[in-house]
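Peer 1: Sequence and predicted model, in that order:
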Amino acid sequence: MMNEQAPRLIRRSSLFEEAVAGLRELILSGRLAPGERLVEADLCEDFGISRTPLRQALKLLETEGLVTLHRNRGAYVSVMTAQEVAELFEVVSDLERLAVRLAVERMSDADLERLEKRHDRMMRHYRAGKRRPCFDADYAIHNYIVEKSGNSLLVSTHAALMARARRGRYRALFSRERWDEAMSEHEAFMAAILARDGEEAGRLMYEHVMRTGRVLQRELEAGNSGELVSRK
């Protein structure tokens, strides 16, 4: 469980929304590990909330694939299997390939400029060796491209899946080799996007996301499922 000295995470907005945000971050950051039991009494005390908003938050996080609820046994941080990772990244890679193709067609010059600035910010974090800020910028770039596809169904489907994939995506960057490789892949598909070559950008995006999925799948098959957590 969380350290007794950990500051309360809920300060504003509705209790439910803040409980969701707080728990999601604890899971993504690795402070709550895969398979760990979520003790309601402890979480209520840590967050300073009652059981009702906490249980609502747990139910929502279950739909995101981050929490598993067992009847009469309580809630646990979800653990992903190699097969689940393979299936998840097969779908996400194709969604992002389509998103890039549509976005290249539909983005204005100003949208492209904003995307390039996001990419430059990510690369500055990478060159400075700041892994978590780099990952957050990377994640924001993928979501921005999907948003600019202009397809609301694609956006909502991608968002639902990415809640589950986010932990794994960051875990893949623990390897310096994969981090370097991923940043090189970003450079390549960004060049294609800026050249407004939707087909090439989509192909490169698909390969980029699939490589990440394969890294995770190999680790899980090797018995490292407990390592799907984030490092600061």
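Peer 2: Perfect, thanks for sending it. Residues are numbered from 1 along each chain as shown.
Peer 1: in a strand, that's where S149 is, yeah?
Peer 2: No: assigned with DSSP: H, G, I helix; E, B strand; the rest coil, S149 falls outside any strand and is coil.
Peer 1: Now it. Its backbone dihedrals?
Peer 2: Dihedral angles of S149 (phi, psi; degrees, to the nearest 10) stand at phi -70, psi -30.
Peer 1: Can you classify the residue of the chain positioned farthest from its centre by secondary structure?
Peer 2: Here the chain reaches farthest from its C-alpha mean at N72, the gap being 29.7 Å by C-alpha atoms, centre = their mean. On the three-state scheme (three-state DSSP), N72 is labelled coil.
Peer 1: What sits closest to R131 if chain neighbours are left out?
Peer 2: Spatial nearest neighbour of R131, chain neighbours left out: L173 (6.4 Å); criterion: C-beta to C-beta, 6 or more residues apart in numbering. From N, CA and C alone the C-beta is placed, and that goes for glycine too.
Peer 1: again but with R166, I slipped
Peer 2: Using C-beta to C-beta, 6+ apart, the closest residue to R166 is L28 (6.0 Å).
Peer 1: Secondary structure element for the one you found, which one?
Peer 2: Using DSSP states H and E, L28 sits in helix 15-29.
Peer 1: So which bits of that helix are buried?
Peer 2: L15, F16, E18, A19, V20, G22, L23, R24, L26, I27, L28 (16 or more other C-beta atoms under 10 Å).
Peer 1: Include distance to T68 when you put those residues into TSV, please.
Peer 2: Shown next, in TSV, are these (distance: C-beta to C-beta, whole Å):
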residue	distance to T68
L15	23
F16	20
E18	22
A19	17
V20	16
G22	18
L23	13
R24	15
L26	15
I27	11
L28	16
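Peer 1: which ones are touching the closest residue to E221 other than its chain neighbours?
Peer 2: With sequence-adjacent residues excluded and distances taken as C-beta to C-beta, 6+ apart, E221 is closest to A82, at 4.7 Å. Applying C-beta atoms under 8 Å, 6 or more residues apart in numbering to A82 gives the contacts Q217, L220, E221.
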